[in-house]
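Undergrad: Give me the fold of what follows.
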Amino acid sequence: MRVSKKDADVILNAIDQWEEEQVIDAQNATQLRKSVNVYKDDLGSLTFYAFVAAVSCAILAFGAIVLDEKWIERMRRFFAFSEVLIGGIFLILSVLLIGFAGKRKRKFPDATLSNESFNILAVLSLGVSITYLTRGLGEGYRFYGLVVLVLALSYGAVAVYLRSKLIWICALLALIVSWGIQTWTWSGPAHDYFLGMNYPLRMTVLGGVLLAVVLFLRRQQWQKVPFYEITVYFLWIFFLLSGLFLSVSGNLSYDVWSNIRQGRLLPWALGYTLLLGGLIVLAYKLKDEIFRDLVLLFFLLNIYTRYFEYFWDKTNKGIFFALLALSFWLIGRKTEQMRKRFS
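TA: Down below sits the predicted model:
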């Protein structure tokens, strides 16, 4: 039976429920699952790419019109607008866009892609509003990170109101940016260390703390963690990516790092590799396929990072890329064998 992916999810969930309630036995459930074939929805793919193009063009148009300093300055001189007033105008526009997006969400609840693409306008407008309101505070203002934190909280509130995963991701990104900006401001004239931590270590610590908080709230059966799954996977990506940069740089400033041999950073690389190994074991125990694939991806990135790090200057480039090609071929061959085995 050939069905769409959406219909297949409904059918497979029903089969799982029947098997759990012992309406059918395991053998019949397996046969029913094998009879379900998912066909590729080309129209759905076209819709997705069309909305991606629409969002990209909207961002470019918004940037060309709104973020053009000459255009803004011309408008300010003509109307004698202050930066605070411009920020207030965009704040009102943001509220109107959010209200319209909420009505559209209620009217067309299944139009996910079009709703999310429209939400981009509210995100951009709110960001411009906060930016110009902050610029109105003057050049000596030193708490821009806290302003971005306000923007992150605003995005979070809007995301919960509109039930928008896209805006929630923007909120998480803004939270990370706020930490980076404010710790840079507080890190002294050299801007190398904050509380003895360089940038990669700061970001790794932030990722670990946020992950611990979200997982703790979930473990306490606090069911109101908004967008739990997307939050956890996003934070894992951020944590592992920050850890990868940390394994390359260590807790060193750029000036020190650029003048030492990479062999001195081997303990950092080894620690990151051991962390990934432990997470792979955890992923298999939890039977979380997405988490498992994510950690395996970073494990491969870690291996190839070490390969470039330790062998780029010492190996003939022809041999270097030949070995790289062979490794990718072996990975592809093994993956194909596994896919055939489980399909």
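Undergrad: Which helix or strand contains the residue lying closest to Gly136 once chain neighbours are set aside?
TA: Spatial nearest neighbour of Gly136, excluding adjacent residues (CB to CB, 6 or more residues apart in numbering): Val84 at 3.7 Å. C-beta: built from backbone N, CA, C; applies to glycine. Here Val84 is covered by helix 83-107, with elements defined by DSSP states H and E.
Undergrad: List the buried residues of that helix.
TA: 83, 86-88, 90-91, 93-94, 97-98, 101-102, 104-105 (16 or more other CB atoms under 10 Å).
Undergrad: Kindly report the same for stretch 161-169.
TA: By 16+ other CB under 10 Å, the buried positions in stretch 161-169 come out as Leu162, Ser164, Lys165, Leu166, Ile167, Trp168, Ile169.
Undergrad: And for stretch 123-138?
TA: Using 16+ other CB under 10 Å as the test for burial, stretch 123-138 gives 123-135.
Undergrad: ok, and what's touching that stretch?
TA: Here stretch 123-138 makes contact (CB atoms under 8 Å, 6 or more residues apart in numbering) with 59, 62, 66-67, 82-84, 86-88, 90-91, 93-94, 97, 141, 144, 147-148, 150-151, 154-155, 158, 166-167, 170.
Undergrad: now swap in stretch 228-246 and tell me
TA: Contacts of stretch 228-246 (CB under 8 Å, 6+ apart): 165, 168-169, 172, 176, 200-201, 203-204, 206-208, 210-211, 214-215, 218, 225, 268, 272, 275-276, 290-291, 294-295, 298, 301-302, 305.
Undergrad: Kindly report the same for stretch 174-181.
TA: Contacts of stretch 174-181 (CB under 8 Å, 6+ apart): 144-149, 151-152, 155, 199, 202-203, 206, 210, 238.
Undergrad: One more pass at 7 Å, please.
TA: Tyr144, Gly145, Val148, Leu149, Leu151, Ala152, Tyr155, Leu206, Phe238 (CB atoms under 7 Å, 6 or more residues apart in numbering).
Undergrad: Could you find the closest non-adjacent residue to Asp192?
TA: Closest residue in space to Asp192, ignoring its immediate chain neighbours: Ser253 at 4.1 Å, by CB to CB, 6+ apart.
Undergrad: Could you double-check that that neighbour lies in contact with Gly188?
TA: No: the criterion here is CB atoms under 7 Å, and Ser253 misses it with Gly188 at 11.5 Å.
Undergrad: returning to what we had before: how close does the residue nearest to Gly136 get to Thr134?
TA: Remark: distance between Val84 and Thr134 (CB to CB, to the nearest Å) = 10 Å.
Undergrad: what ranges do the helices span in this protein?
TA: For the chain, the helices defined by DSSP state H cover 5-20, 26-34, 42-66, 69-79, 83-107, 112-135, 144-162, 165-185, 199-219, 228-249, 254-257, 266-286, 289-311, 317-342.
Undergrad: Got a quick ChimeraX command for the buried subset of the contacts of stretch 174-181?
TA: To isolate in ChimeraX the members of those that are buried, counting by 16+ other CB under 10 Å, one can use:
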select :144,145,148,149,151,152,155,206,238
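Undergrad: Low-confidence bits of the stretch 51-200 of the chain, can you list those?
TA: Applying pLDDT under 70 to the stretch 51-200 of the chain flags the ranges 51-78, 80, 111, 137-142, 190-191.
Undergrad: how about a cut-off of 80?
TA: Low-confidence segments of the stretch 51-200 of the chain (pLDDT under 80): 51-84, 86-87, 105, 107-119, 121, 128, 131-132, 134-144, 187-193.
Undergrad: Centre of the chain to stretch 264-272, how far?
TA: The chain centre lies 26 Å from the centre of stretch 264-272; the measure is CA atoms, centre = their mean, to the nearest Å.
Undergrad: Show me which positions of it end up buried.
TA: Residues Leu265, Trp268, Ala269, Tyr272 are the ones in stretch 264-272 that count as buried (16+ other CB under 10 Å).
Undergrad: Now tabulate those residues in a markdown table and tack on pLDDT and distance to Asn259.
TA: Shown next, in a markdown table, are the buried residues of stretch 264-272 (pLDDT from 0 to 100; distance: CB to CB, whole Å):
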| residue | pLDDT | distance to Asn259 |
| --- | --- | --- |
| Leu265 | 78 | 13 |
| Trp268 | 85 | 17 |
| Ala269 | 84 | 19 |
| Tyr272 | 87 | 22 |
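Undergrad: Among those, which one lies nearest to Leu32?
TA: Lowest distance from Leu32 to the buried residues of stretch 264-272 (CB to CB) belongs to Tyr272, with 43.9 Å.
Undergrad: circling back: give me the buried subset of the contacts of stretch 228-246.
TA: Neighbour counting with 16+ other CB under 10 Å marks 165, 168-169, 172, 176, 200-201, 203-204, 206-207, 210-211, 214, 225, 268, 272, 275-276, 291, 294-295, 298, 302, 305 as buried within the contacts of stretch 228-246.
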